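Colleague: Build me a model:
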Amino acid sequence: MTKLETITLDNGLKIYLYNDKRRHSTFFQFSTFCGGLSKHFMLDGKEYMLQDGVSHILEHYIVECNEKGNFLNELGSYQMNTNASTAFNNTSYYFETVENVLLGIRTILEGVNNVKFDKDKLEKLKNPIYQEIRGRLDNKFYHLNRMNMKNIFNDINFVDVGGEIDEVEKTTIDDLKALYDAFYKPDNQFIVIAGNFNKKEVLEEINDYYNTHKIEVHDSSIIKLNETNSVRKKKDILYFPTPMEYTELTFKIDISKYKSEELLDLEFYLNSFYTSSFGVTSNLYKYLVDNKIIIDSIVFGFIKIDNFLVLSIGSYNNNPDVFTKKVLEEINNCNNLDKEKFELDKKSTIIRLILRDENIFKMIMPFINNIVIYDYPYLDSVKDIERLNYDDYVKTIKNVDFSNYIEVTIKNKE
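Modeller: Model prediction:
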């Protein structure tokens, strides 16, 4: 089995190598721990509190306003599959290619590390971002997510990665430069290279770049808040055009006491809990459909925000009160967790782990997510799923505190 190798440069940059000579292509990703949550920080002794959306704007600015011009377009001209993205905790610039790997690496390193901050370029860049935001305004779930974030957190002042139009409008070139100086430094970054590549040449290319280019490093640190476990508001209504009312329960779960490896187990157990309790084969689903409470599946998902899991359960329904009551009853009654379904979930997950080996992107992304979300550079394997057992599953779910939640229903204005 191919093993991951970790190398740390003298400047603190971490490089993760997953060399697999069976492949034809190579995947490269350069990531900075700077995302939507990177708003409140100290930089060279000064405190900054930025609005939502700045990290996303900075991503666009870096791609288009560096000494090389739009470096993604340049990579695309070599038939590379390339893009950039901003998430809660990180921003990434990546490509997948069959050839010109060293050229791709050098292009991204030069592009990200040679940004020229100019207010006129920023104002010009804002127009496509406005269009991107306007494109989300007709989506009721976009507004639902924003309402949830505002109601769930007390001290964490974060709603979404992209921000609103007025937040983009007031973003200045000084905001971008402060964020860049605070977080875009080698000891806050990592590189992942996976697939078929020459390890010696790749490492020489990266080392040569940093040995011949001085990266200015500033004194910076993120400011952590003591967010309480309570929610700001327990119930709300979103008035928005909808063919049928939609109700969502969003739970705020404190995970500060979990170790990184325990969070991976918790992720599997929560997904199994959903399948058993709310999936299309569950007793609750059958009851809600038979009684014409819901006509569609029950949607489930969760994200990690700071020391909390934000877990949502929702569905289109004809009676929000009954839907909410039944969901809460199911959550509070963990004595009937189905062992047979748990074992089936294990088997299906093992199959997915085996099959993901067919695609280098699917193979390496779980590893990258573990770094970014759980600060845990580990690639899970079949053995990690095989060791999970039903008794630990029941114990883990029973120990999850589901008491802090908000109920939001989307409905038409009367």
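Colleague: Give me the three-state assignment for the closest residue to Leu4 other than its chain neighbours.
Modeller: With C-beta to C-beta, 6 or more residues apart in numbering as the criterion, Leu4 has its nearest non-adjacent residue at 5.3 Å, and that residue is Tyr18. Every C-beta, even on glycine, is put in place using the N, C-alpha and C of the backbone. Put simply, Tyr18 is strand when judged by DSSP: H, G, I helix; E, B strand; the rest coil.
Colleague: Can you name the residues that contact Tyr18?
Modeller: Applying C-beta atoms under 8 Å, 6 or more residues apart in numbering to Tyr18 gives the contacts 2, 4-5, 192-195, 363-364, 367, 379.
Colleague: got a pLDDT number for it?
Modeller: With respect to pLDDT, Tyr18 scores 96.
Colleague: and what of the one 5 residues further on?
Modeller: The score at Arg23 is 91. That number is its pLDDT.
Colleague: Could you do Thr242 as well?
Modeller: Per-residue confidence at Thr242 stands at 96 (pLDDT).
Colleague: Please apply the same query to Met1.
Modeller: With respect to pLDDT, Met1 has a value of 49.
Colleague: Equivalent analysis for Asn317, please.
Modeller: Looking at Asn317, the pLDDT reads 97.
Colleague: Likewise for Val54?
Modeller: The confidence metric pLDDT takes the value 98 at Val54.
Colleague: quick one on the thing from earlier: tell me the most packed of the contacts of Tyr18, by neighbour count.
Modeller: Counting neighbours by other C-beta atoms under 10 Å, Ala194 leads the contacts of Tyr18 with 27 neighbours.
Colleague: my guess is it meets Asn359, correct?
Modeller: No. With contact defined as C-beta atoms under 8 Å, Ala194 and Asn359 do not form a contacting pair (10.7 Å).
Colleague: Contacts for stretch 319-335 next, please.
Modeller: With C-beta under 8 Å, 6+ apart, stretch 319-335 has contacts from 245, 247, 249, 277-278, 284, 287-288, 291, 293-294, 298, 313, 315, 317, 394, 397-398, 402, 407, 409.
Colleague: Next, Met49: phi, psi?
Modeller: Note on Met49: its backbone torsions stand at phi -130, psi 100 [degrees, to the nearest 10].
Colleague: What distance do you get for it to Phe158?
Modeller: According to C-beta to C-beta, to the nearest Å, Met49 stands 11 Å off from Phe158.
Colleague: In terms of neighbours, single out the busier of the two.
Modeller: Phe158 (18 against 9).
Colleague: Now the residue lying closest to Lys14 once chain neighbours are set aside: which helix or strand?
Modeller: In this structure, Lys14 finds its nearest non-sequential neighbour in Phe190, 4.2 Å apart by C-beta to C-beta, 6+ apart. Assigned by DSSP states H and E, Phe190 belongs to strand 189-195.
Colleague: cool, and Val322?
Modeller: According to DSSP H and E, Val322 maps onto helix 320-332.
Colleague: buried set for that helix?
Modeller: For helix 320-332, a neighbour-count test (16 or more other C-beta atoms under 10 Å) marks 320, 322-324, 326-327, 330-331 as buried.
Colleague: ok, those vs Asp10, which is closest?
Modeller: The closest of the buried residues of helix 320-332 to Asp10 turns out to be Ile331 (C-beta to C-beta; 49.9 Å).
Colleague: Strands of this protein, residue ranges please.
Modeller: Using DSSP state E, the strands found in the chain span residues 4-8, 14-19, 26-32, 40-43, 46-49, 81-86, 91-97, 189-195, 220-222, 235-239, 246-254, 299-305, 308-316, 405-411.
Colleague: could you dump those to a markdown table with distance to Asp375?
Modeller: A markdown table is the format used below for the strands of the chain (distance: least, C-beta to C-beta, whole Å):
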| stretch | distance to Asp375 |
| --- | --- |
| strand 4-8 | 14 |
| strand 14-19 | 12 |
| strand 26-32 | 13 |
| strand 40-43 | 18 |
| strand 46-49 | 23 |
| strand 81-86 | 18 |
| strand 91-97 | 16 |
| strand 189-195 | 11 |
| strand 220-222 | 13 |
| strand 235-239 | 33 |
| strand 246-254 | 17 |
| strand 299-305 | 10 |
| strand 308-316 | 15 |
| strand 405-411 | 26 |
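Colleague: now for those strands, which one comes closest to Glu67?
Modeller: Per C-beta to C-beta, nearest to Glu67 of the strands of the chain: strand 91-97, 15.2 Å.
Colleague: and that closest one, how far out from the chain's middle?
Modeller: 16 Å (C-alpha atoms, centre = their mean, to the nearest Å).
Colleague: and the chain, what are its domains?
Modeller: What automatic domain parsing lists as the domains of the chain is 4-222, 235-411.
Colleague: tally of neighbours for the closest residue to Lys140 other than its chain neighbours?
Modeller: Excluding the flanking residues, the one nearest Lys140 by C-beta to C-beta, 6+ apart is Phe240, at 4.4 Å. Here the number of neighbours of Phe240 (other C-beta under 10 Å) works out to 18.
Colleague: cool, and Asn370?
Modeller: Asn370, neighbours per other C-beta under 10 Å, totals 20.
Colleague: so what pLDDT did the residue lying closest to it once chain neighbours are set aside get?
Modeller: Among residues not flanking Asn370 along the chain, Tyr376 sits closest, at 4.8 Å (C-beta to C-beta, 6+ apart). pLDDT, Tyr376: 94.
Colleague: Likewise for Lys224?
Modeller: 87.
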